[in-house]
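Student: build me a structure from this.
(chains A, B and C)
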Amino acid sequence: MRAARVLLRPVGFAGFGLLTVVLLVAVFGPVLWDGRATVIDTGDLLAGPSGEHWIGTDNLGRDLFFRVLVATRLSITLALAATAIGMVLGVVLGAAPMLTGRRVARFITSAVNVLVAFPGLLLVLFFAVVFGVGARGAALAVGLAGAPAFARLCHTLLSGVSERDYIAAARIAGVSKFRILVRHALPNIAEPLIVNATMAAGGVLLTFSGLSFLGLGVQAPSYDWGKLMQDGLNGIYVHPLAALGPGIAVVLAGLAFNLTGEAFAAAFGIDVIPGVARVRAVRGAAGESAGPAVAAPDPEPGTVLSVDGLRVTIPGARRPIHAVRGVTFAIRDGEAVGVVGESGSGKSVTALAVARLIEEPVRVDANHLVFAGEDLMAADDPASLRKRLGTSLVVVFQDPMTSFNPAHRVGPQLAEVGRFHQGLGRRAAFARAVDRLHAVKLREPERRARQYPFEFSGGMRQRAMIGMGLMGTPRLIIADEPTTALDVTVQRQVLALLGEVRGDTGAALLLISHDVSVVTEVCDRVLVMYAGLIVEELPARDLGTLARHPYTRALVAAVPDMETDLTRPLAVIPGTPVDPSDVPAGCAFAARCPLADDHCRAVEPPLQADAAGNRVACHKAGWPLPADSAEVTV
Amino acid sequence: MGGWTPAAVPPSAARGLRGRAGDLWSHRWLRFALRRAGRLLVSLWVLVTASFLMIHLVPGDPVRAALGPTAPAELVLARTRDLGLLDPLWRQYAGFLGNLLRGELGVSISTRLPVGETIAQRLPATAQLAVAAFLLSVLVAVPVGVVMAVITRRGKGRRTELAFTGTNVVLGAIPDFLVGVGLVYLLAVQTHLFPVAGRAGPDSYVLPVLALAIGPCAVLSRIVRVEMLAVMEADYIRTARAKRLTPWRVQLVHALPNAVTASLTLGGLLLSSLVAGTVLVENVFAWPGLGSTIVSSIVSKDYPLVQGTVLIYGVGVLLINTLVDVVLALLDPRSTIGES
Amino acid sequence: MSLLSFRGVSVRYGSHTVLKDVSLDVAGGEVVGLVGESGSGKSTLARAAVGLAPVTTGEILLDGRPVPNRGRARPVQMVFQDPYSSLDPRMTVGESIAEAMRERLGKEARRAEIARLLALVHLDASRADDLPVRLSGGQRQRVALARALAARPEVILADEITSALDVSVQGAVLNLVRDMRRELGLSMLFISHNLAVVRYVADHVAVLYAGEIVEYGPTARVLGAPQHDYTRHLLAALPGAVRRTSSGNGRPAPTSALKEQT
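Tutor: Numbers count the residues shown, from 1 in each chain, chains lettered A, B, ... in the order given. As a prediction, the model looks like this:
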């Protein structure tokens, strides 16, 4: 369970341990030690540390160590009370906009926004004036002062949840606002709220001790840690422990709350950096043999990219994930090769691995990976390799909206290639960038180059991205779903532009796409990937008619096009894609294949080439599919 | 085909694109300036009104509370009349606003000195402290956060990461006044390197500034690291790497500006709370600034003085917030548009 | 049978007009496809019908009466695009479906009703106790459909329900839509940017461009013999519309669409 996982981490263990101790002392401290904390020893006033009084005595000769222990209860109680006040008020204020009308909601939100701009301590002082000096007033003051921050947090979290479609669905189903808040919204923000409340309790504890330290909080004869510190500060020259002792108690208690909050946050996955948490735990299974040590055949002349036995392994929490399990293919100069497959088939990872854009701790192995005569696996000369790759290998990514740096203007982002790989000056590089934007048919390239990416539409950005590739002389364009995020008319233009660019430069293309029809239209050859392997390779024009792998045939038949027979149900691929961390023995597609038999489930079919150079990995390649494959639920 | 070219240019976008770029920009900046100024004015009004109401929210008779139970009734009445507390509320409010516009903040109950004068005398000491601490924490936190992000990226340097986060959590849990007390003990009482308290030579600044800066610095460096790590996973960083730039250029030119933008958004609040932190630190170091004034005036119930100092602190914080927003807008042009 | 009718619907946010005087009928037992590019206002039209977007002018009627947007009876239901956002991660499949039911049922009756609805979308009744985390995208979309059916709707608005799904799953959901329509006689407004998908499920098609319906008619007619330039433009942009002739050495025929676009 989660709680167990929290406790097993060092941070969680320390946090919960410390918190338990602090709470136990708070509950039992006054009962056990009140006597020793209040006994007045007139013979031992303001004494330093001794065997009898570990951190000395105060001006009435009372033992400070026990006073610190006994003060735990008041300090913690006040902190928790103030946190509760702040949190309840904050949640009410933060959630109110969801229940009220638009106008009231806007008023509350802007009021909270104004209040939250003032630091907590200032609000505390303000309320301290209003409520007067003392423990009760201070608790109210600290609580009220914390409310705006909680309200803002709660509101932000709720706004995020409110955009989810399940809230809309509940509204459409006639569920009341209040019930939506209680049943759908609050439970889904509970975790970050708990984390923040825990952390806030630590912060409130510190604020409180600060108030008492200033003399605005707890008043004599009551005492909390802050009050003890205030009393001790005057004597800091004589015996510093009198001030530092309660200080240490404050820090320990604050740490207890903070560490517990951190542990919760880690367990709930809040604020964990994306991509890192998943990949973090296990380093790659190093020392794994690099597959069959077959001497790689020298790439044929006229081959721009030659990949042999490419494997990509992502270290997983439990076991490594084999995203790509040995992929071999080549691309000739000027050729367009498509890669199709479902999500999770390893097609995008293949593209990134070929472009050498995969970073540690993900491992890339290959028998060889040669681009334009350059061995990409032997990174012995990074500087010159960078220069050559930077000008001849172009990568176009899927999402044009996020692939440009939002903080820089577009022109300089293109010009970087010229400045760092082609030895151009700032001005010359910019001029070339403008020229390249013109080449990709952006109107007013001068002006466009001086704009930020957010001023471009998706299609324009994808053009600019291609233009960035044209700063050099591309020999290979790797395009990872370049049109998936675009509308069909824009998609058409971007594909046409890619075609023109290839016509002008003679660059080859590796096009990754889930869209069979796009690949069929643009590419010469198609690689079909399933579960990290190429299962079929054939000319693109034959994809719809001559495919022999049952997966390829199903993939083509499952997508309706403008000629699909309307009287029959669409073909369906039953079952779900293979979990890449748990690939079964035998053919990975066997579980979903209508032709599969025991042989398929036991022996992995090799990828075999026929006379025409087409390849297929299937024991039953080309067998007729059962006429009526029963529809099975996905 | 060929007839259909205007496809998908939404009317509004087309209008925007046709306008000259300069117009568009000044228009956006003007809108941003107006919106931000409006928010500042509303916040100021809330602040002024709150500090006006503060004295009326005090339960019982504030003047009696200030002068103590032994003060003669005539004196209390006279002071009450001096403070204008006998007038109807709206007239008091109008008078308060009028005085504010003339720069008058009233007269202290206890010292009988004009509040404005006291504040003018004490503000510079506090401002110096806050500005120095602000600069110190930013100058240290940003490089530390960036370096930590680079060292500990993607599960590398696990021990460094643990040490960094650990130190951060501990430092974050120590309140600034306690840091002050600790520093006094270590560097003034034990080793006599720096003066214990007071504001004299440059060396007297070291401990208070440190005490004030360490906490925010720890939190800010942690934020910078987290933001930097997040930014390093962004698509545009992959683009930068696809351009085969050197790792340094990718990190400093492509990642850092975005990370700083995001950090500032979160760190802005933190830095304005640093201003309030001066209250406590000044009390530790007997610093002759506004912080000690506000505390002593709260304790002695010198309400006009409290009003004045709360106002000044509030204005300071609001100005800092506005400054952060303007810097953000300059660094990240999207935010000026995004808000609209 | 019921008729969902948009009469001169306009939606404006400030000075920005999303929908301009849109009139459209969805007749009983009929699937009307609504196609258009992003930003054309497709989703807004559906959201307006269920009260999620404010209608500036015009009216949306069901059998001649305004679509009820208060109370428990909600005869118009919607299924959303993103299967990962449309189910509350903290509610079991059964709870999500039960919440949309019109009246409170006893425990047994509710279980039976959930099982019936799950069977309609080809899911096993045992799925009722699963949290959404355990379902694939296609399965979630089926649950979302079951939830919509739980309200016993007269019209279902399907907003890009297959575009977030993998190709192998998309076909199964489309088959399901056709089955349900045949078995339950449901009326449906089926929104998609994918013409082939709309062609497969819809009887009539409306083409939306910049907030206006530029063409409407029987599917075969609109997609087979388009009258409006924009529809033709859309059809011409489909991959495979121009059969590719050139290979690596040749240069693809330049298209007229190669002008700068936003």
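Student: could you list the low-pLDDT ranges of the stretch 101-250 of chain C?
Tutor: Scanning the stretch 101-250 of chain C for pLDDT under 70 picks out the ranges C:240-250.
Student: so which bits of it are right by chain B?
Tutor: C:209-210, C:229-230, C:232-233, C:236 (Cβ under 8 Å from any Cβ of the partner chain). In short, each C-beta sits where N, CA and C put it, glycine included.
Student: roughly how far apart are A:Ile236 and chain C?
Tutor: When distance is defined by Cβ to the nearest Cβ, to the nearest Å, A:Ile236 is 53 Å away from chain C.
Student: hmm, that residue is touching B:Leu186, no?
Tutor: No. Between A:Ile236 and B:Leu186 there is no contact under Cβ atoms under 8 Å: 11.1 Å.
Student: re the thing from before, between the residues of the stretch 101-250 of chain C next to chain B, which is nearest chain A?
Tutor: Minimum distance to chain A across those is 6.3 Å, recorded for C:His233 (Cβ to the nearest Cβ).
Student: what's the weakest-modelled helix or strand in the chain?
Tutor: No chain specified, so I'll use chain A. Ranking every helix and strand in chain A by mean pLDDT, DSSP states H and E puts helix A:276-280 at the bottom, with a mean of 29.
Student: chain B, not that one
Tutor: Per mean pLDDT, DSSP H and E, helix B:11-18 ranks last in chain B, at a mean of 38.
Student: could you report the neighbour count for the residue of chain A found nearest chain C?
Tutor: Nearest residue of chain A to chain C, counting by Cβ to the nearest Cβ: A:Gly503, 3.2 Å away. Counted by other Cβ atoms under 10 Å in any protein chain shown, the residues lying close to A:Gly503 total 17.
Student: which helix or which strand is home to it?
Tutor: If you go by DSSP states H and E, A:Gly503 is part of helix A:488-505.
Student: please save the CA atoms from the helix or strand that that helix is followed by in CSV.
Tutor: Sequence order places strand A:508-512 as the next helix or strand after helix A:488-505, per DSSP H and E. These are the backbone C-alpha positions of strand A:508-512, laid out as CSV (Å, rounded to 0.1, in the frame of the first residue of the first chain):
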residue,chain,number,x,y,z
ALA,A,508,15.8,10.9,-47.9
LEU,A,509,12.8,10.7,-45.6
LEU,A,510,12.1,8.5,-42.6
LEU,A,511,8.4,9.2,-41.8
ILE,A,512,6.9,7.9,-38.6
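Student: picking that back up, I'd like the residues of the stretch 101-250 of chain C next to chain B as CSV, with neighbour count, distance to B:Ile237 and secondary structure appended.
Tutor: Shown next, in CSV, are those (neighbours: other Cβ atoms under 10 Å in any protein chain shown; distance: Cβ to Cβ, whole Å; DSSP: H, G, I helix; E, B strand; the rest coil):
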residue, neighbour count, distance to B:Ile237, secondary structure
C:Tyr209, 23, 37, strand
C:Ala210, 21, 36, coil
C:Asp229, 18, 42, helix
C:Tyr230, 24, 39, helix
C:Arg232, 16, 42, helix
C:His233, 23, 37, helix
C:Ala236, 19, 37, helix
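Student: out of the residues you listed, which are close to chain A?
Tutor: C:233, C:236.
Student: rewinding a little: mutual contacts of A:Ile236 and B:Leu186, please.
Tutor: Residues touching both A:Ile236 and B:Leu186 (Cβ atoms under 8 Å, 6 or more residues apart in numbering or on different chains): there are none.
Student: and the two? Which one has more around it.
Tutor: Neighbour totals were compared for A:Ile236 and B:Leu186, and A:Ile236 leads with 20 against 14 (other Cβ under 10 Å).
Student: what strand or helix carries the more buried one?
Tutor: Per DSSP H and E, there is no helix or strand for A:Ile236.
Student: what about the longest helix in chain C?
Tutor: Longest helix in chain C, counting residues (DSSP state H): helix C:167-184.
Student: check which helices and strands that helix sits against.
Tutor: helix A:550-558, helix C:107-120, helix C:137-150, strand C:187-192, helix C:195-201 (3 or more Cβ pairs under 8 Å, 6 or more residues apart in numbering or on different chains; DSSP states H and E).
Student: let me see the contact set for A:Val304.
Tutor: Applying Cβ under 8 Å, 6+ apart, the residues contacting A:Val304 are A:331-333, A:335, A:371-372, A:475-476, A:508.
Student: could I get the residues you listed as a markdown table with distance to A:Asp44, secondary structure and pLDDT?
Tutor: Formatted as a markdown table, the contacts of A:Val304 follow (distance: Cβ to Cβ, whole Å; DSSP: H, G, I helix; E, B strand; the rest coil; pLDDT from 0 to 100):
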| residue | distance to A:Asp44 | secondary structure | pLDDT |
| --- | --- | --- | --- |
| A:Ile331 | 89 | strand | 94 |
| A:Arg332 | 94 | strand | 93 |
| A:Asp333 | 94 | coil | 92 |
| A:Glu335 | 93 | coil | 93 |
| A:Phe371 | 83 | strand | 90 |
| A:Ala372 | 87 | coil | 87 |
| A:Arg475 | 88 | coil | 92 |
| A:Leu476 | 85 | strand | 94 |
| A:Ala508 | 90 | strand | 94 |
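Student: which among the residues you listed gets closest to A:Val161?
Tutor: For the contacts of A:Val304, the minimum distance to A:Val161 (Cβ to Cβ) is 44.4 Å, reached by A:Leu476.
Student: thought the closest one was touching A:Val396?
Tutor: No. Using Cβ under 8 Å, A:Leu476 and A:Val396 do not qualify as a contacting pair, with a distance of 11.4 Å.
Student: hmm, back to that, what pLDDT does the residue of chain A closest to chain C get?
Tutor: Here, the pLDDT recorded for A:Gly503 equals 90.
Student: ok, residue 34 - how many residues close by?
Tutor: In the absence of a named chain, this looks at chain A. A count of neighbours around A:Asp34, defined by other Cβ under 10 Å, yields 15.
Student: try again with chain C
Tutor: 30.
Student: got the angle between the helix or strand hosting it and strand C:187-192?
Tutor: Taking DSSP H and E as the definition, C:Leu34 sits inside strand C:31-35. Between strand C:31-35 and strand C:187-192, the angle formed by their directions is 20 degrees, by axes from the mean of the first three to the mean of the last three Cα atoms, to 10 degrees.
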